[in-house]
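S.K.: here is my input, please return the structure:
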Amino acid sequence: MNRVFNFSAGPAMLPLPVLEKVQEELLDYKGSGMSVMEMSHRSGLFTDIITSAEDTLREIMNIPDNYKVLFVQGGASQQFAAVPLNIMKNKKADFVNTGSWSKKAMKEAKKYIEVNEIASSEDKNFTYIPEIDASKLDPQADYVHITTNNTIEGTVFKEIPDTGNVPLVADMSSNILSEEIDVSKFGIIYAGAQKNIGPAGLTIVIIREDLIGRAADICPTMLDYKTHSESGSLYNTPPTFGVYIAKLVFDWIKEQGGVKAVQQQNEKKAALLYDYITMSDFYHSPIQEDSRSLMNVPFTIPNRDLDAKFIEEAKKNGLETLKGHRSVGGMRASIYNAMPLEGVEKLVQFMKQFKEENK
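M.R.: The predicted structure is shown next:
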């Protein structure tokens, strides 16, 4: 077996023990004679899977009892519309613009409500997290929206803003389960699965119960949080295989010692990479130090003509998908939970070698 270290921003690496468990159970899940992919979502076996997935997620994230956990489809991008359609009252919301995904969320929300951009880091090409002036928060806003970790730009909120009585909504797609958070500070958390949870196709929504049942009349049934809350995420056929793998990933995180232990490992990996970039006179991190993500590390080299060579030679060394996003350029190493320390060590060693050969 020839496994590479995959630094893709998503779909991303899955923990090897999870893949091995999937392989073991693929053809015959628990003596059923069938795969989870072939199993009725109404069956007792799948009910156990989805119930266990929710229970373990609640445990490792310490989700309060007054929050619902929903397993839905459509990716995080679908939530850009679902959120305003579900909790619009005064038909206006505050947004913090920290990059590509924030801009897409604002663009979609504008179809339904008034969008107020209360802070932005666009002035410096989204290389930092802007401070939020409390006086700009509208107490009549339906919600305040942030993207906690910016996959493309490589920035992260180190502190969660206090929005008072206005619900805080967070797109947490690229850093959910990577570090401990206080769920009670949020009204809604949503996340696409394909970075830290499982395969593409599943989306997790964690929503405070008082925000359910407020959907606008124009809200489609499948976007109404009440639809999924009342049916236990089984209103229609959910992404069953995605839920199954998510359950295995949640179990794996618990076995590692929980989110706290995973966070410590993530901090160690990120420190190793950032420290080398910082001390190097060849590589550069464009991100303001106090805003650097644990999950997505963009970096550049002085001669952009060498980018293609770096990526090609990295691939030959089993280091895959290091090309930066087309809107940013350079390189990007996404070091999600499943990326082992060994992978980052190998990357740093390659970077040292590449520098010596090309400086």
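
S.K.: in the stretch 151-300 of the chain, which spans are strands?
M.R.: 155-156, 168-171, 188-192, 203-208, 296-299 (DSSP state E, counting those that start in this stretch).

S.K.: out of the ones you listed, which is closest to Val328?
M.R.: Shortest separation from Val328 across those is recorded for strand 296-299, at 6.0 Å, computed as C-beta to C-beta. (C-beta placed from N, C-alpha, C; glycine too.)

S.K.: which residues touch Lys111?
M.R.: Ala81 (C-beta atoms under 8 Å, 6 or more residues apart in numbering).

S.K.: pretty sure it sits in a helix.
M.R.: No - applying DSSP: H, G, I helix; E, B strand; the rest coil, one finds Lys111 to be coil, outside a helix.

S.K.: for Ala81, see how far away it is.
M.R.: In this view, Lys111 and Ala81 are 7 Å apart by C-beta to C-beta, to the nearest Å.

S.K.: ranges for the helices of the stretch 201-350 of the chain?
M.R.: Ranges of helices in the stretch 201-350 of the chain, per DSSP state H, counting those that start in this stretch, are 225-230, 240-256, 259-279, 307-316, 341-358.

S.K.: so for Ser120, which of the ones you listed sits nearest?
M.R.: It is, among the helices of the stretch 201-350 of the chain and with distance given as C-beta to C-beta, helix 259-279, at 24.7 Å.

S.K.: pLDDT of the closest one, averaged?
M.R.: Mean pLDDT, helix 259-279: 98.

S.K.: mind giving me the packing neighbours of that helix?
M.R.: helix 240-256, strand 296-299, helix 341-358 (3 or more C-beta pairs under 8 Å, 6 or more residues apart in numbering; DSSP states H and E).

S.K.: just put those in JSON lines and tack on mean neighbour count.
M.R.: Listed next are those as JSON lines, based on neighbours: other C-beta atoms under 10 Å:
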{"stretch": "helix 240-256", "mean neighbour count": "21"}
{"stretch": "strand 296-299", "mean neighbour count": "25"}
{"stretch": "helix 341-358", "mean neighbour count": "16"}
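
S.K.: so how far is the strand or helix carrying Phe71 off the chain centroid?
M.R.: Using DSSP states H and E, the element containing Phe71 is strand 67-72. Offset of strand 67-72 from its chain centre (C-alpha atoms, centre = their mean, to the nearest Å): 16 Å.

S.K.: stretch 319-335 now?
M.R.: 17 Å.

S.K.: and the contacts of that stretch?
M.R.: The list of residues contacting stretch 319-335 from outside it, by C-beta under 8 Å, 6+ apart, reads 4-10, 12, 100, 151-154, 174, 195, 266, 269-270, 273, 286, 294-301, 304, 307, 310-311, 314-315, 343-344, 346-347, 350.

S.K.: am I right that Ile253 is in contact with Lys260?
M.R.: No - with contact defined as C-beta atoms under 8 Å, Ile253 does not reach Lys260; the gap is 10.2 Å.

S.K.: by contact count, what packs against the helix or strand following the strand holding Phe71?
M.R.: Going down the chain from strand 67-72, the next helix or strand is helix 75-87, by DSSP H and E. Applying 3+ C-beta pairs under 8 Å, 6+ apart, we find helix 75-87 packed against helix 100-109, strand 168-171, strand 188-192, strand 203-208.

S.K.: let's see that with 6 Å instead.
M.R.: Identification of packing neighbours for helix 75-87 by 3 or more C-beta pairs under 6 Å, 6 or more residues apart in numbering; DSSP states H and E yields helix 100-109, strand 188-192.

S.K.: now for the ones you listed, which one comes closest to Tyr67?
M.R.: Comparison of these against Tyr67 by C-beta to C-beta identifies strand 188-192 as nearest, at 8.8 Å.

S.K.: relative to strand 67-72, how tilted is that closest one?
M.R.: On the basis of axes from the mean of the first three to the mean of the last three C-alpha atoms, to 10 degrees, strand 188-192 is oriented at 30 degrees to strand 67-72.

S.K.: can you put the strands of the stretch 151-300 of the chain in a markdown table and add mean pLDDT?
M.R.: Shown next, in a markdown table, are those (pLDDT from 0 to 100):
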| stretch | mean pLDDT |
| --- | --- |
| strand 155-156 | 98 |
| strand 168-171 | 98 |
| strand 188-192 | 98 |
| strand 203-208 | 98 |
| strand 296-299 | 97 |
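
S.K.: need those in CSV (columns: distance to His145).
M.R.: Output for the strands of the stretch 151-300 of the chain, formatted as CSV (distance: least, C-beta to C-beta, whole Å):
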stretch, distance to His145
strand 155-156, 16
strand 168-171, 5
strand 188-192, 9
strand 203-208, 14
strand 296-299, 20
